[in-house]
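[1] fold the following for me, if possible:
(chains A and B)
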Amino acid sequence: MNNKELHKTSGIIEWIDYRLPIFTFFKHFAEYQAPKNLSYLWSMGSIAGIALVVQIITGIVLAMHYTPHVDHAFNSVERIMRDVNYGWLIRYIHSVGASMFFVAVYIHIFRGLYYGSYKTPRELLWQIGIVIFLVMMATAFMGYVLPWGQMSYWGATVITNLFSAIPMIGKSIVTWLWGGFSVDNPTLNRFFSLHYLLPFVIVGLVLLHLVALHVHGSNNPKGIDIKPGKDMIPFHPYYTIKDFVGFGVYFFIFAFFIFYEPNYLGHPDNYIPANPMVTPAHIVPEWYFLPFYAILRAVPSKLGGVILMLSSIIILFFLPWLDRSPVRSSSYRPWNKFAVWFFIIDCIILGYVGGKPPEEPYLTVSRIATAYYFFHFFILVPCIAKYEKPLPLPKNLDEVKIC
Amino acid sequence: MSQNSNKNDPENNSECNLDCSTRRDFMVLAASSMAAVGGACAMWPLVDSLNPAEDTLAMSSIEVDLSHISPGQTITVKWRGKPIFIRHRTEAEIKEAEAVSMSDLKDPEEDSKRVQAGHAQWLVMVGICTHLGCVPISGQGDYDGFFCPCHGSHYDGSGRIRRGPAPKNLEVPQYTFISDTKIRIG
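    Next up is the predicted model:
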């Protein structure tokens, strides 16, 4: 169609779309196709998306009642709990919602690990996902500081002090992060500002994640490349409906925690106002940081611990090149299947010892588990890729049924 | 639905008669309605949280001691974040306010309706101009009452609008005399 023809079109939709292709954009979603064999594990992406929306909506309302000042923060949160209409509900949705968000994202990541979703041509998709995970961790950490309880304060102190491990400039960086000589009002103010900003950064990253996803489409449980045709079905309504079922289960579990165990995943010490003079006897981060916390404490060197902890996430960026096996799905990789499961168990063990005091036997366990974590990525994954004999792959999804 | 053209769509392939399409339509409508109702209910706590909180409501009444206000004096107290004018009127002021003819008033109201019986010397009003919310100045204006500096509204010694853009008399809040020299506002 040439320009003259387009200018003549009388429809307002064509007029707008020619200038701003929003209708073409919607059409893409209406026509978007996905492999027909996606399991419920593939709902975790949409669930994580909903979790982000819930956090942003409840967070905006909470920010309307919250005061980011060391003298008022704790009391303003208690006021939300006691005096603001439904404040208890909104705050519990937000705090439980953070944990639920991480549950969805962790399952989403392990799904990717098991089915090789990080492999070509989805390397960038995978890496954007890791960036989202990192920004999520920063957001969650700063959000946990805002109630200004004992765990908030000492969590902030410990995590910001990680940067002091950097040789030479470490101390100056920490002072810069704090805006003072300890975690204090300037720190609380900037954390509040960033905690409000970063979710919108995540929204932007999620859009990039979706753009990258929609170029080559979803991976699938068989891990084979799927050509358009009878192995694909329209995303809407088939996967929108399937995702809605996932949302139902997700919100059911979510509601159970909000109404019956709202503080199960929190820590009672955070209901004590922050006291810079007294550290609680046993401080732990939120559960979703525990595996990394365990790696940090496993190393008897300050700098070494910090480096190892960062490496444990950075290494995920290189996974597409550490695993050179041409087969994606672990369903057809008899060795890798076990390796991934052992890795998941290793992460759970790390999470468990991360929540325990830094003493024996937990210290030894955390060292072995940390060693295994890196053994998995540096030795196991490349070696399995090299020596494993994958099972024969089906040519298409229907052939699977005949097998 | 846009995917009707797709070969994989069972709706298109099966011999779907009118009945089965209405059943699906019904299910889609019913499910969407449920989702809409659920969504609206879920929004309510968020909306309601913006209403005055319990502690804000708890502070919505105050007690004021009048014994130290000498005749002719006006004090301002804060109630629900708003200024409240309390004027101890002299006999002359009361007489003047009572003498005003109703036809001279933009918002006709007897002076006796604006004070409490037996306490005509006490004039209690919300000190907010009924025009656009400024605080009038006591003892100014052409009617021995209040004058709003923002847009020039003149109120008389009973707080009634006499001249200027304001449409109504100054509002009298709900208050009760606990004793002869003490009132509770709110």
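
[2] helix/strand/coil for whatever residue of chain B ends up closest to chain A?
    Using CB to the nearest CB, the closest approach of chain B to chain A is made by B:Pro45 at 3.5 Å. No exception for glycine: its C-beta is placed from N, CA and C like everyone else's. The three-state label given to B:Pro45 by DSSP: H, G, I helix; E, B strand; the rest coil is helix.

[3] list the buried ones in the longest helix anywhere in chain A?
    Taking DSSP state H as the criterion, chain A has its longest helix at helix A:185-216. Across helix A:185-216, burial judged by 16 or more other CB atoms under 10 Å in any protein chain shown covers A:187-188, A:191-192, A:195-196, A:198-199, A:202, A:205-206, A:209, A:212-213.

[4] got the residues of the stretch 151-300 of chain A near chain B?
    Counting by CB under 8 Å from any CB of the partner chain, the residues of the stretch 151-300 of chain A close to chain B are A:Lys230, A:Met232, A:Ile233, A:Pro234, A:His236, A:Pro237.

[5] by neighbour count, which of these wins?
    Ranked by neighbour count (other CB atoms under 10 Å in any protein chain shown), these have A:Pro234 at the top, with 22 neighbours.

[6] dig out what that residue forms beta bridges with.
    On the basis of DSSP bridges, A:Pro234 takes part in beta bridges with A:Gln33.

[7] closest residue of chain A to chain B?
    Closest to chain B within chain A is A:Tyr86: 3.5 Å, counting by CB to the nearest CB.

[8] shouldn't that residue be in contact with B:Met43?
    No - with contact defined as CB atoms under 8 Å, A:Tyr86 does not count as touching B:Met43 (10.9 Å).

[9] higher neighbour count, these two?
    Just comparing A:Tyr86 and B:Met43: by other CB under 10 Å the higher neighbour count belongs to A:Tyr86, 17 against 11.

[10] return the residues in contact with that one.
    Contact analysis of A:Tyr86 by CB atoms under 8 Å, 6 or more residues apart in numbering or on different chains lists B:Trp44, B:Pro45, B:Leu46, B:Asp48, B:Ser49.

[11] okay, now the unreliable bits of chain B?
    Residue ranges of chain B with pLDDT under 70: B:1-21.

[12] quick one: the helices in it?
    B:10-13, B:18-48, B:54-58, B:91-99.

[13] coming back round to it: select from the contacts of A:Tyr86 the one having the most neighbours.
    Among these, B:Ser49 has the most neighbours (other CB under 10 Å), with 21 neighbours.

[14] count the neighbours of the residue nearest to A:Phe163 when sequence neighbours are not counted for me.
    Nearest residue to A:Phe163, sequence neighbours excluded (CB to CB, 6 or more residues apart in numbering or on different chains): A:Ile173, at 4.8 Å. Neighbour count of A:Ile173, defined by other CB under 10 Å: 14.

[15] so where does A:Ile173 fall, helix or strand?
    Taking DSSP states H and E as the criterion, A:Ile173 maps to helix A:170-178.

[16] hang on, the earlier thing: out of the residues of the stretch 151-300 of chain A next to chain B, flag the one nearest to A:Ala138.
    A:His236 (33.6 Å; CB to CB).

[17] need phi/psi at the closest one.
    phi -100, psi 130 (degrees, to the nearest 10).

[18] pretty sure it sits against A:Glu31.
    No - assessed by CB under 8 Å, A:His236 is found out of contact with A:Glu31, at 9.0 Å.

[19] tell me who's in contact with A:Ala369.
    Counting by CB under 8 Å, 6+ apart, A:Ala369 has contacts A:Ala294, A:Ala298, A:Asp346, A:Ile349, A:Leu350, A:Val353.

[20] just these: which are in helices?
    A:Ala294, A:Ala298, A:Asp346, A:Ile349, A:Leu350, A:Val353.

[21] contacting residues for the last one?
    Remark: with contacts taken as CB under 8 Å, 6+ apart, A:Val353 is in contact with A:Ala294, A:Tyr362, A:Leu363, A:Val365, A:Ser366, A:Ala369.

[22] what's stretch A:109-116 in contact with?
    With CB under 8 Å, 6+ apart, stretch A:109-116 has contacts from A:41-42, A:44, A:117-118, A:126, A:129, A:133, A:219-221, A:223, A:319, A:323, A:325, A:327-331, A:337, A:340, A:343-344.

[23] in helices only, show me those residues.
    A:Met44, A:Trp126, A:Gly129, A:Phe133, A:Leu319, A:Lys337, A:Val340, A:Phe343, A:Ile344.

[24] in these, find the pair that's most separated.
    Spatially, the most separated pair among these is A:Phe133 and A:Lys337, at 23.6 Å (CB to CB).

[25] hmm, back to that, and the contacts of A:Val353, which two are the farthest apart?
    A:Leu363 and A:Ala369 (10.8 Å).

[26] now for those two: what residues contact both?
    A:Ala298, A:Val353.

[27] which ones are touching residue 75?
    Using chain A here. Taking CB under 8 Å, 6+ apart, we find A:Asn75 in contact with A:Thr67.

[28] looking at chain B here, not the other one
    The contact partners of B:Ile75, taken as CB under 8 Å, 6+ apart, are B:Ile69, B:Phe85, B:Ile86.

[29] A:Met151 reaches A:Ile283, doesn't it?
    Yes - counting by CB under 8 Å, A:Met151 sits close enough to A:Ile283 to count as a contact (6.5 Å).

[30] between these two, which contacts overlap?
    Here A:Met151 and A:Ile283 have A:Asp269 as joint contacts, going by CB under 8 Å, 6+ apart.

[31] okay, these two: which has more neighbours?
    A:Met151 (24 against 15).

[32] helix, strand or coil: sort out the more buried one for me.
    Using three-state DSSP, the three-state assignment for A:Met151 comes out as helix.

[33] for the chain, which segments count as strands?
    As the question left the chain open, I've gone with chain A. Counting by DSSP state E, the segments of chain A that form strands are A:33-35, A:232-234.

[34] actually it's chain B I care about, not the one you picked
    B:62-65, B:74-79, B:82-88, B:122-126, B:137-140, B:145-148, B:153-155, B:161-163, B:175-179, B:182-185.

[35] make a markdown table out of those and add distance to A:Leu146.
    Output for those, formatted as a markdown table (distance: least, CB to CB, whole Å):
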| stretch | distance to A:Leu146 |
| --- | --- |
| strand B:62-65 | 33 |
| strand B:74-79 | 31 |
| strand B:82-88 | 32 |
| strand B:122-126 | 37 |
| strand B:137-140 | 43 |
| strand B:145-148 | 43 |
| strand B:153-155 | 46 |
| strand B:161-163 | 48 |
| strand B:175-179 | 41 |
| strand B:182-185 | 37 |
